[in-house]
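1. could you work out the structure for the sequence below:
(one chain, ligands or ions: 1)
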Amino acid sequence: MKITFLGTGDMFSVEQHHNSMLAEFGDTHLVIDFPESNAKALKEYGFPMTDIHNVFITHLHEDHINGVQMLGYYAQIVGDRKPQLFIHEELVDPLWNILSPGMRYTTDGERTMSDYYDIVPLPDGGTFELGGVTFETFRTQHVPGMVSNGLLAKPYFYYSADSTLDQERVQQAAADVQLIFHECHMHDLVIKSHTSLQDLQQLPAEVRQKTVLMHYHDEYADADKRAQFNREHDLRMVGTLESFELAV
Ligand SMILES: O=c1ccn([C@@H]2O[C@@H]3COP(=O)(O)O[C@H]3[C@H]2O)c(=O)[nH]1
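-> Have a look, this model is predicted:
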């Protein structure tokens, strides 16, 4: 499995793309979240946007979904098939409420979400399978009352999505995966909806050594700054368009 980060920035990033990850495996792929910055990242990476067929949506903060309208239109107008959208069942209608002012009315009449996407609604803890890989979803603790989901793909990766640290879940998953992709705001302050570096430093050393930080602020858009951080810590930061090869 080849993992490539299409973006590693937080909501407020202007110097890097918003957080999104592409996993390529067998003859298929999955993109986690779809910010508008993915269009540029995919072009830079050399992956045509018409070849994006599978997207998982973690939650509905704008920086994770503001490319979903573009992808839906692009797939219909330039491409030849609808992408699949894997999404928690309670987020389907709220997502359409966000998209519909720009997507409901078309020159060919009224449209609904399923005209643009093959929706795969997932219950709490739901799983889906692609290319022989099972993706297990789990609820994350991001903002109270808001549905937000992470992903576990054994034996490959754990993906925290936007979340405070769920130490028990991360430690349990660590035994089954090669890498843990965890959000980390990297500010020297408390943000109640996110994980700090201090939080992640509480993890056991063997877990930290598998942990890769994503969704951080623009101070770390600088590659030299990340390299210095990576030399000084046992967990490491990933940059936009950086890839990892994960063995079966
Ligand atoms: O209850 C809340 C809701 C939001 N926020 C801030 O708004 C931002 C929304 O995008 P984000 O999830 O990348 O980061 C979030 C935080 O910076 C917060 O601190 N607490």
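2. contacts and neighbour counts: CA atoms only from here.
-> OK.
3. list the beta-bridge partners for the spatially most central residue of the chain.
-> Centroid check for the chain by CA atoms, centre = their mean gives residue 32 as the closest residue, at 3.5 Å. Under DSSP bridges, the beta-bridge partners of residue 32 are residue 21, residue 56.
4. residue 180 and residue 211, how far apart?
-> Separation of residue 180 from residue 211 (CA to CA, to the nearest Å) stands at 5 Å.
5. whoops, residue 31 was the one
-> From residue 31 over to residue 211 (counting by CA to CA), the distance is 20 Å.
6. what residue in this structure comes nearest to the ligand?
-> Residue nearest to the ligand within the chain: residue 11 (4.2 Å; CA to the nearest ligand atom).
7. so that residue, which of the three states?
-> coil (DSSP: H, G, I helix; E, B strand; the rest coil).
8. is it in contact with residue 18, as I believe?
-> Yes: here residue 11 reaches residue 18: they are 6.6 Å apart, a contact under CA atoms under 8 Å.
9. among the two, which residue is more densely surrounded?
-> More neighbours surround residue 18 than the other of residue 11 and residue 18, with 33 against 17 (other CA atoms under 10 Å).
10. and the helices in this protein?
-> All helices of the chain, identified by DSSP state H, fall at 38-45, 62-65, 68-77, 92-103, 113-116, 167-174, 197-200, 205-208, 223-232.
11. got TSV for those helices, with mean pLDDT, mean neighbour count and distance to the ligand too?
-> Shown next, in TSV, are the helices of the chain (pLDDT from 0 to 100; neighbours: other CA atoms under 10 Å; distance: least, CA to the nearest ligand atom, whole Å):
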stretch	mean pLDDT	mean neighbour count	distance to the ligand
helix 38-45	98	17	16
helix 62-65	98	20	7
helix 68-77	97	18	17
helix 92-103	98	15	16
helix 113-116	98	16	24
helix 167-174	98	16	19
helix 197-200	98	16	15
helix 205-208	98	17	22
helix 223-232	98	13	19
